[in-house]
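*Asks:* Based on what follows, work out the 3D shape:
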Amino acid sequence: MITTRDKVFTSDQVKGADFVEQKFANCKFDSINFKFSGFQNCQFVNCDFSNATIDASSFEKCEFLESKINWIDFSGTSFEKCIFRRSMLEGCTFGKNKLVSNGFIESNLTATYFEKCDLSGVSLEGSDLEKAVFENCKLKNASLSRANIAGTTFSNCKISKTILDLSGFIQFGQSKGFIITKE
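*Replies:* Okay, the predicted model is just below:
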C-alpha cells in the first residue's frame, strides 16, 4: 500500500483520477472538486475533506479514520463496504445513496440529512445523530446501538429489525420496528 502524508491536494490532482490501495495520512482535500474520481481499498487517516465537492465518484472498501468530512453533499457518490470511524460528518447530505453494509462507527453525524437512502445492515454504533433527519429511508437490520438520537427525525422510513440500546429506545419513544439490546 502506497502512503501519502501531509499533502495538500488540488482539484486537478483528484478529478477523474483512480486511486487503488493507497493510504492518505494527514492530507487535505478541503474545498476541492472530486468529479469522476474513484477510490478502492484506500485508507484516509486524519484527513480533511471539509467543503469539498464530491460528484459522480465512488469509494469501495475504503476506511476513513478520524477524518473531517463536514458539509458535503454525497448525493452523486457511491459507497460500497466503507467504514467511517471516529470521523466528523456534520451537516452532510446523503440523497438516494445505497449505503448497505457501510459503517459509521463512533462518528459525528450531527444535522446530517439522509433522503431516500437504503441503510440496510448499516452500523451507526456509538455515533452522534443529534438532529439528523432520515426521510423515506430503509433501515432494515441497521444498528443504532449506543448512538445519540436525541432530536433525530425518522419520517416515512421503513424500519425493520433495527437495533437500539435502552437509552436510544427511550430517546426515540416506543417506536415500531426497533429491537432493544442489553448493554
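*Asks:* Okay, and the residue positioned nearest the centre of the chain sits in which element?
*Replies:* Residue closest to the mean C-alpha point of the chain, counted by Cα atoms, centre = their mean, is Phe104 at 5.4 Å. Phe104 is part of strand 103-105 when elements are defined by DSSP states H and E.
*Asks:* who's in contact with that strand?
*Replies:* Strand 103-105 is contacted by residues 82-87, 89, 122-127 when judged by Cβ atoms under 8 Å, 6 or more residues apart in numbering. Where C-beta positions appear, they are placed from N, C-alpha and C, glycine not excepted.
*Asks:* centre of the chain versus that strand, how much separation?
*Replies:* Put simply, strand 103-105 sits 7 Å off its chain's centre (Cα atoms, centre = their mean, to the nearest Å).
*Asks:* and what of stretch 73-86?
*Replies:* 5 Å.
*Asks:* sorry, back to before: just after the strand holding Phe104, pick out the following helix or strand.
*Replies:* Sequence-wise, the next helix or strand downstream of strand 103-105 (DSSP H and E) is strand 113-115.
*Asks:* list the helices and strands the helix or strand following that next one packs on?
*Replies:* Next helix or strand after strand 113-115 toward the C-terminus (DSSP H and E): strand 133-135. Using 3 or more Cβ pairs under 8 Å, 6 or more residues apart in numbering; DSSP states H and E, the elements in contact with strand 133-135 are strand 113-115, strand 153-155.
*Asks:* Among those, pick out the one with the most neighbours on average.
*Replies:* strand 113-115 (a mean of 21; mean count of other Cβ atoms under 10 Å).
*Asks:* Using JSON lines, lay out the contacts of strand 103-105 together with distance to Thr3 and neighbour count.
*Replies:* Below are the contacts of strand 103-105 laid out as JSON lines (distance: Cβ to Cβ, whole Å; neighbours: other Cβ atoms under 10 Å):
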{"residue": "Cys82", "distance to Thr3": "19", "neighbour count": "20"}
{"residue": "Ile83", "distance to Thr3": "18", "neighbour count": "18"}
{"residue": "Phe84", "distance to Thr3": "20", "neighbour count": "27"}
{"residue": "Arg85", "distance to Thr3": "18", "neighbour count": "17"}
{"residue": "Arg86", "distance to Thr3": "20", "neighbour count": "15"}
{"residue": "Ser87", "distance to Thr3": "19", "neighbour count": "26"}
{"residue": "Leu89", "distance to Thr3": "24", "neighbour count": "26"}
{"residue": "Val122", "distance to Thr3": "29", "neighbour count": "24"}
{"residue": "Ser123", "distance to Thr3": "27", "neighbour count": "21"}
{"residue": "Leu124", "distance to Thr3": "29", "neighbour count": "28"}
{"residue": "Glu125", "distance to Thr3": "28", "neighbour count": "18"}
{"residue": "Gly126", "distance to Thr3": "28", "neighbour count": "18"}
{"residue": "Ser127", "distance to Thr3": "28", "neighbour count": "28"}
